[in-house]
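>>> Output the structure for:
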Amino acid sequence: MITIRLERSTDIAAREDLLDMAYGDVRFTKPSARLREGFLPAQGLALVAVERGRVVGTVRLWNVTDDTGRPLLLLGPLAVACDMQCRGVGGKLMRRVLREARRLGHRAVLLVGDPAYYAKFGFTAAKTGALRMPGPFVQERLLGLELLAGTLNGAAGLFRATGDKIPADLPDFIVAPAYTRRLAA
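Modelled structure (predicted):
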């Protein structure tokens, strides 16, 4: 049985291994990863899927803002273990994190991803055409979902990370061991 729950510090190594398998080292060079660097995920919006004590899926949301100052969330990454794909784990994670974001009062979520996959959760590029990410990205893959209707009306400009920064005294192994290993290499 799959359980979706808040990520714990004891999940970090398993999450990083899962992300390594899903995306490889290229994940550290993506604009969305660079954008999140140095920040903690949005409070209460870092989830894992667990089966028999094993982390089999992960999703996180991050606080961002556009040039108008509107608070938004950025989703990513979403990953599911290879042996668990096509079993609905990604969908369960998506529905749960979006429900939690709405419950916590967030108004809109952005992501860079496959329009065909994310359309089933309500994501569209209809209101993201004037938004930009730092670094290269494919505009058609920048998608948005309004949790509160009208939130993305007029959204424009470069969006950037906001929210809580990673505390300097937080041990590296709690933040992201794989990321720390790559920076040291």
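>>> Please count neighbours and contacts with C-alpha atoms only from this point.
Noted.
>>> now residue 115, nearest residue through space, not along the chain?
residue 141 (6.2 Å; Cα to Cα, 6 or more residues apart in numbering).
>>> wouldn't residue 31 be in contact with residue 137 here?
Yes. The pair residue 31 / residue 137 is scored as a contact, 7.2 Å apart, by Cα atoms under 8 Å.
>>> quick one: strands adjacent to the biggest strand by length in the chain?
Ranked by residue count, the top strand of the chain under DSSP state E comes out as strand 54-65. Strand partners for strand 54-65, identified by DSSP bridges, are recorded as strand 46-51 (antiparallel), strand 71-75 (antiparallel), strand 79-80 (antiparallel), strand 160-161 (antiparallel).
>>> and the next element down the chain from the helix ranked longest in the chain?
Secondary structure of the chain per DSSP state H: the longest helix is helix 89-103. Downstream of helix 89-103, the first helix or strand assigned by DSSP states H and E is strand 108-112.
>>> follow-up on the earlier one: please save the CA atoms from the longest helix of the chain in CSV.
Only the C-alpha atoms of helix 89-103 are listed here, as CSV (Å, rounded to 0.1, in the frame of the first residue of the first chain):
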residue,chain,number,x,y,z
VAL,A,89,2.0,7.2,-7.7
GLY,A,90,2.8,10.4,-9.6
GLY,A,91,-0.9,11.3,-9.8
LYS,A,92,-1.5,10.6,-6.2
LEU,A,93,1.4,12.9,-5.2
MET,A,94,0.2,15.6,-7.5
ARG,A,95,-3.4,15.6,-6.3
ARG,A,96,-2.2,15.5,-2.6
VAL,A,97,0.3,18.4,-3.0
LEU,A,98,-2.2,20.5,-4.9
ARG,A,99,-4.9,19.9,-2.3
GLU,A,100,-2.5,20.8,0.5
ALA,A,101,-1.4,24.0,-1.3
ARG,A,102,-5.0,25.0,-1.7
ARG,A,103,-5.7,24.2,2.0
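>>> Please spell out which residues along that helix are buried.
For helix 89-103, the neighbour count (16 or more other Cα atoms under 10 Å) marks 89-91, 93-94, 96-98, 101-102 as buried.
>>> Need these in TSV (columns: distance to residue 132 and pLDDT).
Shown next, in TSV, are these (distance: Cα to Cα, whole Å; pLDDT from 0 to 100):
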residue	distance to residue 132	pLDDT
89	30	97
90	26	95
91	27	96
93	26	97
94	23	97
96	27	98
97	24	98
98	22	98
101	22	98
102	24	98
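>>> Can you tell me which residue sits nearest the middle of the protein?
residue 76 (2.0 Å; Cα atoms, centre = their mean).
>>> I'd say that residue and residue 47 touch.
No. Proximity of residue 76 to residue 47 does not meet the contact threshold set by Cα under 8 Å, at 11.0 Å.
>>> any residues in contact with both of these two?
Common neighbours of residue 76 and residue 47, using Cα atoms under 8 Å, 6 or more residues apart in numbering, are 59-60.
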